[in-house]
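>>> generate a structure from the sequence data that follows.
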Amino acid sequence: MTDRNKFPALFLTALTLASVPANAQEGNEGGEKRTRIILGPQLSPSWPGADKFSVGPYVDVSRTRDSEFTFEAPDESFGSPLIRSGNFAFGPAFGFIGKRRASDIGADLPKGGLSIEAGAFGQVHLTPELRLRLEGRKGLSGHKGWTGEVSADYVARQGDDWLFSIGPRVTLGDAKYTRAYFGVTPAAAVTSGLPAYDPGGGVQSVGVAAGYHRMLGKRWGIAVYGRYDRLVGNAADSPVTRELGSRSQPSAGVALSYTFGGDQ
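Take a look at the predicted model:
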């Protein structure tokens with residue numbers, strides 16, 4: 001799970017760790033439960049199109065009953081499946097985007113408030129090695145637009161001993177979302193010196209993400225991930241991106257994992 005703002009993410013981390021049975025993903029119904037907690041720091045863009053980065057928590061909590069832990073991509077939004085049917089799963093998805101102030105971006109543009117996003121995801125395993133996922137979230141505050149992502153992951157693993165995943169990412173945003181981060185109103189053009197720009201919605205970025213988890217013993221393990229996105233279309237052409245931000249949007253994280261329960 002990834003977040004772009006550390007303070008809401010830290011609150012969410014504490015809530016998650018305090019309520020593991022209710023929020024963690026679970027596997028098969030037979031046998032004793034095992035729980036795995038992954039926690040560490042991650043570095044990611046402070047807001048879409050930023051050339052500045054924020055440090056926040058890289059966190060995940062999973063549960064299973066004497067089976068392999070269910071695969072979760074390291075850059076997924078927070079949320080666990082509510083419905084499972086064969087290889088298909090559906091559930092809620094939550095995200096955060098930090099505040100953007102004029103002093104942060106380096107121009108007199110309108111302030112962007114903290115965005116709390118809520119929505120849903122659907123995913124399907126076409127084969128044990130290939131998973132497709134579609135996610136959409138609505139900004140309840142801040143940008144108040146719609147954003148989402150289409151992703152695919154190839155997964156190679158040896159049980160829970162080690163797991164490697166890699167796959168493409170396509171990020172989407174509607175007009176309201178895109179204008180919040182990449183638009184320049186006529187009034188803002190006067191105060192900032194940037195040309196007015198009124199973008200529409202569509203594909204915001206394309207990229208790739210990879211993750212690796214390896215057990216170092218019966219209980220402890222290490223997890224790392226890296227992701228690179230490249231802004232395209234209206235987001236890439238925005239004067240906010242060209243003059244004040246960056247089309248390159250890398251992120252990375254490293255964490256320790258701890259597994260307990262079961263016969264360990």
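
>>> which residues does G139 bridge with?
Beta-bridge pairing of G139 under DSSP bridges involves E117.

>>> next, count neighbours for it.
Applying other C-beta atoms under 10 Å, we find 24 residues neighbouring G139. Where you see a C-beta, it was placed from the backbone N, CA and C, and this is true even at glycine.

>>> what's the answer for the one 10 residues further on, then?
Taking other C-beta under 10 Å as the neighbour definition, E149 ends up with a count of 23.

>>> for the host helix or strand of it, buried residues please.
Secondary structure assignment for E149, by DSSP states H and E: strand 146-158. Within strand 146-158, the residues scored as buried using 16 or more other C-beta atoms under 10 Å are W146, T147, G148, E149, V150, S151, D153, V155, R157.

>>> JSON lines for those, including distance to I116?
Shown next, in JSON lines, are those (distance: C-beta to C-beta, whole Å):
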{"residue": "W146", "distance to I116": "14"}
{"residue": "T147", "distance to I116": "12"}
{"residue": "G148", "distance to I116": "16"}
{"residue": "E149", "distance to I116": "17"}
{"residue": "V150", "distance to I116": "22"}
{"residue": "S151", "distance to I116": "22"}
{"residue": "D153", "distance to I116": "26"}
{"residue": "V155", "distance to I116": "30"}
{"residue": "R157", "distance to I116": "33"}
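
>>> I'd like the residues you listed as CSV, with distance to R247 and pLDDT appended.
Listed next are those as CSV, based on distance: C-beta to C-beta, whole Å; pLDDT from 0 to 100:
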residue, distance to R247, pLDDT
W146, 22, 97
T147, 18, 97
G148, 20, 96
E149, 18, 97
V150, 20, 98
S151, 20, 98
D153, 24, 98
V155, 29, 98
R157, 33, 96
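
>>> let me know the closest of these to L216.
Nearest to L216 among the buried residues of strand 146-158: R157, at 16.1 Å, using C-beta to C-beta.

>>> what's next to the strand holding E149, contact-wise?
With contact meaning C-beta atoms under 8 Å, 6 or more residues apart in numbering, strand 146-158 is reached by 68, 71, 73, 95, 117, 119, 128-139, 163-174, 176-177, 201, 204, 209.

>>> cool, and stretch 120-127?
With contact meaning C-beta under 8 Å, 6+ apart, stretch 120-127 is reached by 76-77, 79, 87-93, 131-136.

>>> try stretch 128-137
Around stretch 128-137, the neighbours that count as contacts under C-beta under 8 Å, 6+ apart are 71, 73, 76-77, 93-95, 117-126, 146-156.

>>> next: stretch 85-94.
The contact list for stretch 85-94 (C-beta under 8 Å, 6+ apart) reads 12, 77-83, 116-126, 135-137.
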